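Novice: what would the 3D arrangement of this be:
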Amino acid sequence: MKIGDIHTEKIKITAEKIQQFGTFSEDFNPIHFDDKAAQAHGFPRRIAHGMASAAFFSKIIAQTFPGPGSVYLGQTLKFSAPVFIDETLTFKLEVIAQKEGKPIFTLKTEAYGEDQTLKISGEAVIKAAV
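Specialist: Residues are numbered from 1 along each chain as shown. Okay, the predicted model is just below:
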């Protein structure tokens, strides 16, 4: 990894993934599971948990960029727009800094909706596997 490296990956946020996240986290807020509840809160249909969508940054870091053996040291998140069930997000990770002499990197983390709307942004600090 080096400063300026960019990785993008598309992931579909399915109803099954939202159900699994709800079961794991015990977050059964009706806006994630019922269209009428979501509409009552101003959304056109049910939305994904923000943390369920953001969890895919972890998947990418652990499996692809940089890959197995990498360790999360920190993550900031800002949720700018709702993620809808069955929406495909484009996750973009960019190396923006490296701790001198160490395999510790700061990544700009972003997720965009199908219409290119920024949905999630933040920064991750990771230790890459050596």
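Novice: you'd agree Ala97 is up against Phe105?
Specialist: Yes - Ala97 lies in contact with Phe105 (Cβ atoms under 8 Å); the separation is 6.8 Å. Placement of C-beta: from N, CA and C, glycine included.
Novice: more crowded one of those two?
Specialist: Phe105 (24 against 13; other Cβ atoms under 10 Å).
Novice: after the helix or strand hosting the more buried one, next one along is what?
Specialist: According to DSSP states H and E, Phe105 maps onto strand 104-112. Moving toward the C-terminus from strand 104-112, the next helix or strand (DSSP H and E) is strand 118-127.
Novice: what is the longest helix of this protein by residue count?
Specialist: Ranked by number of residues, the top helix in the chain under DSSP state H is helix 50-63.
Novice: would you mind listing the buried residues in that one?
Specialist: Buried positions in helix 50-63, judged by neighbour count with 16 or more other Cβ atoms under 10 Å: 50, 52-54, 56-57, 60-62.
Novice: list just the nearest of these to Phe79.
Specialist: Gly50 (4.4 Å; Cβ to Cβ).
Novice: how many residues are close by the residue nearest to the closest one when sequence neighbours are not counted?
Specialist: Once flanking residues are discounted, Gly50 sits nearest to Phe79: 4.4 Å by Cβ to Cβ, 6 or more residues apart in numbering. Neighbour count for Phe79, taken as other Cβ under 10 Å: 15.
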